[in-house]
Each structure stands twice: as structure tokens, then as C-alpha cells.
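In: fold the stuff below for me.
(one chain, ligands or ions: 1)
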Amino acid sequence: MKKIKWFAKELSPNMDGERVRVAGWVVRTRDLGKIVFVIVRDSTGEFQLTFKKGVVSDELLNIAKKLTTASAIITEGVIRKAKTKFGFEIIPEKIEVNFSATPLPVDIIGATETELSKRIKWRTLDLRRPKAVAIFKIRSLVVAAIREFFIKNNFVEIHTPSIGIYSAEGGADVFEVKYFDKKAYLRQSPQLYKQLLVGALEKVFEISPAWRAEPHWTTRHLCEFISVDAEIAWINGIDDVLDVLEDLIIYTLEKVRKEGKGCFETLGIEPPNVPSKPFPRVEYEDAVKLLKKAGIPLEGKEIPGKGEEWLGKHIKEKYGTDAFFIIHFPYEIRPFYTMKLEKNGKTLTKSFDLIYRGLEIASGAQREHRYDVLKQQIVEKGLRPEAFGYYLEAFKYGMPPHGGFGLGLDRYTARILQIENIREVILYPRDPLTLEP
Ligand code: 4AD
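Out: Numbers count the residues shown, from 1 in each chain. Next up is the predicted model:
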């Protein structure tokens with residue numbers, strides 16, 4: 001590939017005398033009259049341009065004097081060893097500038113951080129802060145690790161429709177879209193399609209957006225998120241799925257620790273520890289008892305965010321680990337496709353949630369693969385089998401026992417980075433009030 005420019009992190013005093021093409025955004029200028037120093041930042045670091053009267057043309061010196069913070073600048077020049085904090089400077093021979101307006105709507109230089117909603121509005125500018133860059137480099141690393149893990153383990157990457165007529169996860173939180181003269185929905189998850197595909201491809205994964213019309217105002221729910229979905233055929237029960245999810249978490253955290261070192265340093269936080277297998281498993285009923293004792297009420301039968309947080313601390317104290325599973329949720333609070341588990345006279349499910357650093361980051365289950373039982377469960381949940389058309393029909397033709405999980409990429413990344421609000425790790429978050437930018 002042709003080199004368009006040198007990145008800041010590639011430059012060094014050892015390149016003394018070399019001609020380079022560099023580019024970035026002006027951080028600040030220091031004008032001493034006959035000499036102007038300009039600090040420039042790109043997505044990898046900073047460097048200094050030195051404009052000295054007599055060394056550069058008067059035309060260049062005059063442009064340097066007018067540079068505003070955040071102006072885009074492309075320079076061709078020569079590297080010289082110098083007593084700067086970089087150990088070198090660049091003597092420009094040619095520059096090209098796209099001047100930035102002033103004042104800037106967000107602070108990209110100072111120590112103060114502009115409030116989040118404003119920074120998101122001005123994301124392009126916000127991303128010129130090294131800390132913001134570090135967050136999205138870690139996010140990119142997490143996705144790379146996830147994809148690498150699945151491919152290495154013989155999963156097939158799939159892309160399934162975002163618009164359809166099925167409402168996979170039930171509830172009222174689906175977005176309706178006008179599809180020519182029909183009513184359709186944005187998917188809440190690729191759930192039903194990944195199940196159909198596991199009936200032939202055996203091990204599949206998808207990393208793609210999902211939508212929930214949830215009017216919640218929390219730091220962990222958004223209307224659009226990236227779901228990492230996996231589905232596995234021929235399983236013996238949920239242990240086979242938990243095993244894959246444990247390995248996925250370990251693989252991603254190891255890679256992030258190793259390759260994200262610089263980003264964690266920029267952010268001033270410790271890279272995450274890697275939990276060891278097996279992660280603790282807590283029965284839903286035991287989790288509920290613990291929460292009751294701690295005085296934390298459930299939301300119906302659902303474990304609330306506060307409960308996950310409390311359980312996270314409890315498990316950390318008891319087992320010293322950040323990750324654990326809650327298993328066997330009641331059938332009432334799991335979707336129709338989940339396989340039932342009759343236990344102690346109660347109808348539970350072969351299901352689980354993964355809690356990491358006090359937050360549910362993934363949920364999954366063994367699915368019901370027997371046509372008659374699946375149809376019956378659709379009816380039990382108050383849904384119409386006709387509404388599931390070809391999805392349900394496919395189960396007549398030899399579906400294997402299967403199971404899988406959906407992992408929220410945004411929540412996982414936020415927790416790796418010890419960030420409370422998932423909006424910080426999403427470039428352009430969608431919540432009930434935000435459609436732009
Ligand atoms: O628990 P959920 O709703 O499960 C499913 O979608 C199933 N199809 C998964 C499966 O394979 N059985 O969502 C899965 C994960 C959650 O654990 C959470 O991390 C994330 O997706 N998630 C959200 N993230 C941000 N905002 C929201 N509104 C989210 N809803 C779910």
C-alpha cells in the first residue's frame with residue numbers, strides 16, 4: 001500500500017535528515033516573532049513543526065502565525081534532531097491548511113472535559129482528544145478479538161436481515177418501519193435467523209446492530225446497540241454454550257491486555273484481569289435469595305441493575321472474579337424460544353446471563369428445537385404461531401438441539417474500560433431523544 005503520510009508514532013529522532021509528509025490538527029502555536037513553533041496532533045500522537053525566518057519562506061512563516069487550533073495541516077518537510085520533548089522537529093518546506101473556525105465548541109486541549117452530550121454532538125472534534133481515541137481503539141480491538149476467536153473456532157460469520165416481520169424478543173419495544181405497503185420491524189436481535197442458520201451451518205456468529213424502542217433513561221440501555229450473537233448446534237445443554245462464552249471472554253481480554261497497553265496508559269487505568277475457567281454459576285433462585293437478604297427488591301421477577309451490581313460485588317468478594325453466570329431463570333421472564341427446565345416443581349429455563357463487573361453483558365440459552373413444543377410455547381406466551389411463518393415451519397425439518405448467546409458489545413467495552421455510561425463508548429448513541437448526529 002502506498003504511504004499517504006507518516007503517523008506521529010512512526011516518527012523519531014533517528015530519522016534525522018529524512019523528508020516526510022505528515023498531517024494532523026494544530027494543537028497550539030507559540031509565536032516568538034522570528035520563529036513559530038506549532039504542535040500538531042494526529043490519531044497516534046503529536047509532533048512539532050518549526051517555522052524559522054530565513055529557514056522557511058516568509059509566506060510559510062506568515063501562514064504559521066495565523067494557524068488556529070484544530071486547523072487541518074499537511075506538511076512536507078525534513079526531520080531534524082532538536083531539544084524538543086519529542087527529540088526532533090520538522091522543518092516545513094510545503095504546507096497546506098484548512099483553517100478551523102474559532103472558538104471551538106468543545107475543549108480538546110485543556111484538562112477540563114466538556115460534558116458528554118456536547119462532546120457527542122461534536123464527535124469529530126471530541127475524537128481529537130487522545131483519551132477519546134483510546135476508547136475507540138480499544139473498542140475496535142475488542143471486535144477484532146471477538147471475530148478472530150470465532151473464526152479460529154470454526155464459526156461461520158453470517159449477515160441476517162435487519163428488517164422483517166418477526167418480533168423475536170417479544171414485548172412492546174420494537175420499532176415499526178414502513179416497508180412499501182407493509183408493516184415491518186427493525187430487529188431486536190438476529191435471534192430467529194441465527195437459529196434457522198445453525199440448522200445447516202452448525203456454528204454461526206454475527207456482529208451487528210439491534211434496535212429496542214426502550215424509553216428507558218439509564219446508562220446501560222440504548223435504542224440501538226451492537227449485538228455479538230453466537231449459535232451452536234448439537235449441544236448437550238447450556239454448559240457447552242457457557243464454555244464457548246467463557247473462552248470468548250478470556251480470549252478477548254487477553255488480546256486487549258496485550259495489544260491495548262498504550263490505550264490503557266493514555267486513559268490512566270489498569271487493563272482488565274483475565275478471569276479463569278469455570279466462571280462461578282449462581283442459580284437464579286439463589287441470586288434472588290441473596291438479594292432479598294440484602295434488601296434489594298426485584299422488578300417483577302427480573303433482577304434489576306442494582307441487583308446485578310450487588311451480586312457482582314458479592315461474587316468478587318467471595319471468589320475474587322469479575323465474571324459469573326446466573327443460570328436457570330423462570331420461564332415467565334424468558335422468551336418463547338427458550339427451552340424449559342422443570343426443577344423442584346417449578347418451570348425454569350435452560351438459560352443464563354453473564355454478569356461482568358456488576359452488569360449483565362450477555363444472555364443466552366438452549367433453545368427449543370422440537371416443532372410441537374416450540375409451537376406450544378409460542379401460544380403459551382400469548383403469541384400467534386402464524387406470526388412466525390417460515391421460522392416455525394423450518395423446525396419441522398430436522399433442527400438440531402442448539403443454543404447460543406447475545407453479548408452487548410457496547411456494555412462489554414464500557415466495562416472493560418471501567419466506564420459507567422455506555423454512551424462514552426458509542427460514536428453516535430441513539431436514545432429516545434437523540435437522532436442527530
Ligand atoms: O438479553 P437480550 O435482550 O437477549 C437477546 O437479545 C437474545 N436474543 C440473546 C440470546 O442469544 N438468547 O440482549 C442480549 C445482550 C444483553 O445482555 C445486553 O448486553 C445487550 O444485549 N443489550 C443492550 N445493550 C444496550 N442497550 C440495550 N437496550 C440493550 N438490550 C440488550
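In: can you list the residues of the chain near the ligand?
Out: Contact residues, the chain versus the ligand (Cβ under 6 Å from any ligand atom): 169, 189, 191, 212, 214, 221-222, 225, 227, 229, 360-365, 404-406, 408, 410-411. Yep, even glycine has a C-beta here, placed from its N, CA and C like the rest.
In: next, count neighbours for the residue nearest to residue 218 when sequence neighbours are not counted.
Out: Leaving aside its chain neighbours, residue 218 sits nearest to residue 305 (6.8 Å; criterion: Cβ to Cβ, 6 or more residues apart in numbering). Neighbour count of residue 305, defined by other Cβ atoms under 10 Å: 16.
In: what does the one 4 residues further on give?
Out: The burial metric for residue 309, expressed as a neighbour count using other Cβ under 10 Å, is 15.
In: quick one: contacts for it?
Out: Contacts for residue 309 (Cβ atoms under 8 Å, 6 or more residues apart in numbering) come out as 358, 359.
In: among the residues of the chain next to the ligand, name the ones in helices.
Out: Counting by DSSP state H, the residues of the chain next to the ligand place 191, 410, 411 in helices.
In: look up how far residue 135 lies from the last one.
Out: Note on residue 411: its distance to residue 135, by Cβ to Cβ, to the nearest Å, is 14 Å.
In: same for the strand or helix carrying residue 26, what does it pack against?
Out: Secondary-structure element containing residue 26, defined by DSSP states H and E: strand 19-31. Strand 19-31 is packed against strand 35-42, strand 45-52, helix 58-66, strand 72-81, with contacts defined by 3 or more Cβ pairs under 8 Å, 6 or more residues apart in numbering; DSSP states H and E.
In: returning to what we had before: PyMOL command for the buried members of the ones in helices among the residues of the chain next to the ligand?
Out: In PyMOL, this line selects whichever of these come out buried by 16 or more other Cβ atoms under 10 Å:
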select buried, resi 191+410+411
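In: starting from residue 80, give me the distance back to residue 151.
Out: Residue 151 is 46 Å from residue 80, by Cβ to Cβ.
In: more neighbours: those two, which one.
Out: Between residue 151 and residue 80, counted using other Cβ under 10 Å, the more crowded position is residue 80 (17 against 12).
In: which residues touch the residue in the chain that the ligand sits nearest to?
Out: Closest contact between the chain and the ligand, by Cβ to the nearest ligand atom, is at residue 408 (2.3 Å). By Cβ under 8 Å, 6+ apart, the contact set of residue 408 is 225, 226, 227, 228, 361, 362.
In: could you redo the last one with a cut-off of 6 Å?
Out: Residue 408 makes contact with 225, 361, according to Cβ atoms under 6 Å, 6 or more residues apart in numbering.
In: that older thread, so which bits of the strand holding residue 26 are buried?
Out: In strand 19-31, counting by 16+ other Cβ under 10 Å, buried: 20, 22, 23, 24, 25, 26, 27, 29.
In: just give the nearest non-adjacent residue to the first one, would you?
Out: The shortest distance from residue 20 to any residue other than its chain neighbours is 4.6 Å, reached at residue 6 (Cβ to Cβ, 6+ apart).
In: quick check, pLDDT for the one you found.
Out: For residue 6, the pLDDT comes out at 98.
In: ditto for residue 168
Out: 73.
In: wait, doesn't it sit right on residue 188?
Out: Yes. Counting by Cβ atoms under 6 Å, residue 168 touches residue 188, with 5.4 Å between them.
In: buried stuff in stretch 290-306?
Out: 290, 291, 296, 303, 305.
In: can you count the residues close to the residue nearest to the third one when sequence neighbours are not counted?
Out: Right, the one you point to is residue 296. Distances taken as Cβ to Cβ, 6+ apart put residue 307 closest to residue 296, at 5.0 Å, once the chain neighbours are dropped. Neighbourhood size, residue 307 [other Cβ under 10 Å]: 23.
In: surely residue 307 touches residue 298?
Out: No. Judged on Cβ under 6 Å, residue 307 makes no contact with residue 298 at a distance of 7.0 Å.
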